[in-house]
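K.L.:
sequence plus predicted model, see below.
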Amino acid sequence: MDADLARAQPGVATKRQSKMERREALWGWFFIAPWLIGFVVFTLWPVLASLALSFTDYELITAPKWIGPKNFVDLFTRDRRFLLSLYNTVYYVAFSVPLSILTAFILSLLLNVRLRGMNVYRTVFYLPAITSGVAVSLLWIWLFNPQFGLINYLLRSVGLPAPGWLNDAAWAKPAFILMSLWSVGGTTVIFLAGLQGVPRSLYEACEIDGANTWQRFWNITVPMLTPVIFFNLILGIIASFQVFTQAYVMTQGGPQDATLFYVLYLFRQGFAQLRMGYAAAMAWILFVIILVLTLIQFRLANRWVYYEGDLLKR
Amino acid sequence: MAATTTSRSRSSTALTPRVYRARRMLGKVLWYVVLTALGILFALPFFWMLSSSLKVEADIWIYPPKWFPDPVLWENYPKALELMNFPRLLFNTLFLVIVGTFGIVLSSSWVVYGFSRFRFKGRDALFVVLISTLMLPSQVTLVPLYIMYKELGWLNTYLPLLVPAYFGSAFYIFLLRQFFLTIPTELDDAAKIDGCGYIGIWWRILLPLCKPALVTVIVFSVIFGWNDFLWPLIVLNDAQLFNLSLGLATFRGLYNTQWGYLMAASVVVLLPCLVLYFVAQRFIVEGIALTGLKG
């Protein structure tokens, strides 16, 4: 308040103003200090340290030994399993993310009507999203059981072939993708909020111009939601690259390394084999991959993301 | 203008009210049918988990599967809970979740006050840094932090899981800021004139006003804490210190094929989260909308 007053009358109280401002700034720093300290200790320093470690051979017992870019060279030229884990993860991301977004979008469209009981449906679709983790992974092992599992029972009962899912190298990754579609509730809610933010007047104007439902969908709903799609795409890719718990609990990377995902392999290198330098190199490669993908998406965004609607405006 | 009115009147005269109503009715019914079918599909895994947890061993290994357990066997629950050392794991998890969430609420709201109510050089740049840490894959910090905790002698203790919570979490700071910005500053100013200091304003004005957002933070933090797996897995060795997630994973390794036990244990681990969701549904949905859209 005082600072505002002072600012409104420049020249009158420049000295007092700067003192006030300094006081305000000090308090500001005082309040953000915990985060700033935490950021340096738990994020900034470790990120840099892991970059340094990635150029070393370090197995915890002896001191880190500088070996230059050997870890990176080994990863890309000698470690077949590393490349496989990268392939598995890219496969998973490439299917899981677009399919999840599509599923969530469709669900949100279905939920975005004024009918009685929508809350119940919303709950049902959202529930799986909050129950990630070990318990859900166990549940899905049982659902995917090739002989006694519910999924294959349903497939057989409609005359479809019943794959071996987690026991079959060709079907294990699709199984994980299918499972990821079950927990699209969070994305659905984001879409739903986006849909409710589209101004009514746009639809009305479109209706007056004689557009049918389909045209309204393609010319208003989809463009107005492109920022939400973009947002979900970015976050979805970042999160899916880090798939871990399910693979650790459900398959331990098998069968035949078909679900050896990136972070699972990193975890094994670092915390089972204690190759800290190697794991740090892997972590940095993952970081760079995610960073580059994110930047590319931001670059491409202006070609398809519609920013006029003030959905994403801050 | 004339054209629009004619096209409008044409479309409304084309359908008699009865046809129009019938069409709408049909649309509604179809809508419900599709939603219900999908809803059943989404709820089926939960149903299957519950059903399996109540089955006798012989009914689990049977094809075609039985939809409903017959006879209903409750014994899977006490047996599974005893075998997985449930009371201890529950206590550990509750301890971790409560102490961690307390830290997150306290520190994040403290930090967000600094970011949203004070002007100082570099503030906005720092906030951009904060946002960008949300996109940082946590694996990048994994190895050095592990080494740091090892050097500090923190391995096999709860300190690595709890101490970071007291330094503000970027996600919750972001969430709270979206909410803080909607609170008018006049209230702060009034309090300041009444002689309230900044810490007092944070504690007496902003925290009470932010209750809905804080509840959202608490709910998210509890759910994430409840399901936390990677860090506990890396840091904890002693089975007496495990949280429920770790305990359940270990239990799976021991009772690989006892699906009655495994599903009973899973139900018990999931249940608190589900209950919390039903109690706090509004806050979760609002929180997602708040963070999801205004980024």
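P.N.:
The structure has been received and is ready for your questions.

K.L.:
so, low pLDDT: which residues of the stretch 201-314 of chain A?
P.N.:
When residues are selected by pLDDT under 70, those of the stretch 201-314 of chain A lie in A:308-314.

K.L.:
now do the helices in it.
P.N.:
For the stretch 201-314 of chain A, helices defined by DSSP state H, counting those that start in this stretch occupy the ranges A:213-216, A:222-241, A:245-250, A:262-267, A:276-304.

K.L.:
which is the next helix or strand following the lowest-mean-pLDDT helix or strand in chain B?
P.N.:
The helix or strand of chain B with the lowest confidence, counting by mean pLDDT, DSSP states H and E, is helix B:2-14 at a mean of 45. Using DSSP states H and E, the helix or strand that follows helix B:2-14 in sequence is helix B:17-53.

K.L.:
for that next one, what does the pLDDT average out to?
P.N.:
Per-residue pLDDT over helix B:17-53 has a mean of 90.

K.L.:
can you tell me which helices and strands it packs against?
P.N.:
Packed against helix B:17-53, as judged by 3 or more CB pairs under 8 Å, 6 or more residues apart in numbering or on different chains; DSSP states H and E, are the following elements: helix A:80-111, helix A:118-130, helix A:134-143, helix A:150-157, helix B:259-293. Yep, even glycine has a C-beta here, placed from its N, CA and C like the rest.

K.L.:
name the helices or strands packed onto the fourth one?
P.N.:
What that stands for is helix A:150-157. Helix A:150-157 makes packing contacts with helix B:17-53 when contacts are defined by 3+ CB pairs under 8 Å, 6+ apart.

K.L.:
between the helix or strand that contains A:Ala193 and helix B:17-53, how many degrees?
P.N.:
In this structure, A:Ala193 sits in helix A:185-196 according to DSSP H and E. For helix A:185-196 and helix B:17-53, the angle between their directions (axes from the mean of the first three to the mean of the last three CA atoms, to 10 degrees) works out to 160 degrees.

K.L.:
distance check, A:Lys70 against B:Trp203.
P.N.:
With distances defined as CB to CB, to the nearest Å, the gap from A:Lys70 to B:Trp203 amounts to 54 Å.

K.L.:
equivalent analysis for A:Leu235, please.
P.N.:
A:Leu235 sits 33 Å away from B:Trp203, taking CB to CB as the criterion.

K.L.:
more neighbours, the two?
P.N.:
When A:Leu235 and B:Trp203 are compared for neighbours, A:Leu235 comes out ahead with 19 against 15, by other CB atoms under 10 Å in any protein chain shown.

K.L.:
same list, the helices of the stretch 201-314 of chain A, but as TSV with distance to A:Arg23 please.
P.N.:
Supplementary listing: these in TSV, determined by distance: least, CB to CB, whole Å:
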stretch	distance to A:Arg23
helix A:213-216	55
helix A:222-241	38
helix A:245-250	48
helix A:262-267	46
helix A:276-304	38
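
K.L.:
out of the ones you listed, nearest to B:Gly114?
P.N.:
Counting by CB to CB, B:Gly114 lies closest to helix A:222-241 out of the helices of the stretch 201-314 of chain A; the figure is 25.9 Å.

K.L.:
quick revisit: the helix holding A:Ala193 to helix A:118-130, inter-axis angle?
P.N.:
When the same axes, to 10 degrees is applied, the directions of helix A:185-196 and helix A:118-130 differ by 140 degrees.

K.L.:
so which elements touch helix A:185-196?
P.N.:
helix A:80-111, helix A:118-130, helix A:222-241, helix B:259-293.

K.L.:
quick one: B:Val97 and A:Ser137, what's the gap?
P.N.:
Distance of B:Val97 to A:Ser137, computed by CB to CB: 20 Å.

K.L.:
list the buried residues in stretch B:44-64.
P.N.:
Judged by neighbour count (16 or more other CB atoms under 10 Å in any protein chain shown), stretch B:44-64 contains these buried residues: B:Leu44, B:Pro45, B:Phe46, B:Trp48, B:Met49, B:Ser51, B:Ser52, B:Ser53, B:Leu54, B:Lys55, B:Asp59, B:Ile60.

K.L.:
the first one - nearest residue in space that isn't next to it in sequence?
P.N.:
Translated: B:Leu44. A:Leu150 (6.9 Å; CB to CB, 6 or more residues apart in numbering or on different chains).

K.L.:
wait, the one you found sits on A:Trp140?
P.N.:
No: with contact defined as CB atoms under 8 Å, A:Leu150 does not count as touching A:Trp140 (10.2 Å).

K.L.:
which of those two has more neighbours?
P.N.:
Relative neighbour count places A:Trp140 above the other of A:Leu150 and A:Trp140, with 24 against 20, counting by other CB under 10 Å.

K.L.:
could you pull out the helices for the stretch 151-295 of chain B?
P.N.:
Taking DSSP H, counting those that start in this stretch as the criterion, the stretch 151-295 of chain B carries its helices at B:159-162, B:170-180, B:186-193, B:198-200, B:207-209, B:211-227, B:230-235, B:244-254, B:259-293.

K.L.:
check contacts around the closest residue to A:Trp304 other than its chain neighbours.
P.N.:
Nearest in space to A:Trp304, with sequence neighbours left out and distances taken as CB to CB, 6+ apart, is A:Thr226 at 6.1 Å. Under the criterion of CB atoms under 8 Å, 6 or more residues apart in numbering or on different chains, the contact partners of A:Thr226 comprise A:Trp304, A:Val305, A:Tyr306.

K.L.:
now tabulate the residues you listed in a markdown table and tack on neighbour count and distance to B:Leu35.
P.N.:
Formatted as a markdown table, the contacts of A:Thr226 follow (neighbours: other CB atoms under 10 Å in any protein chain shown; distance: CB to CB, whole Å):
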| residue | neighbour count | distance to B:Leu35 |
| --- | --- | --- |
| A:Trp304 | 10 | 29 |
| A:Val305 | 20 | 29 |
| A:Tyr306 | 17 | 28 |
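
K.L.:
contact partners for the spatially closest residue to B:Leu142 that is not a sequence neighbour?
P.N.:
Closest residue in space to B:Leu142, ignoring its immediate chain neighbours: A:Ala283 at 6.3 Å, by CB to CB, 6+ apart. For A:Ala283, the contacting residues are A:Ser50, A:Ser54, A:Leu266, B:Pro137, B:Gln139, B:Val140, B:Leu142, B:Val143, by CB under 8 Å, 6+ apart.

K.L.:
from what I see, the fifth one and A:Ile238 are in contact.
P.N.:
No: in terms of CB under 8 Å, B:Gln139 does not count as a neighbour of A:Ile238; the distance is 11.4 Å.

K.L.:
what pLDDT does the model give A:Pro64?
P.N.:
At A:Pro64, pLDDT is 89.

K.L.:
quick one: it from chain B, how far?
P.N.:
A:Pro64 is 9 Å from chain B, where distance means CB to the nearest CB, to the nearest Å.

K.L.:
can you count the residues close to whichever residue of the stretch 151-295 of chain B sits closest to chain A?
P.N.:
Going by CB to the nearest CB, chain A is nearest to B:Phe167 of the stretch 151-295 of chain B, at 2.5 Å. When neighbours are defined as other CB under 10 Å, B:Phe167 has 22 of them.
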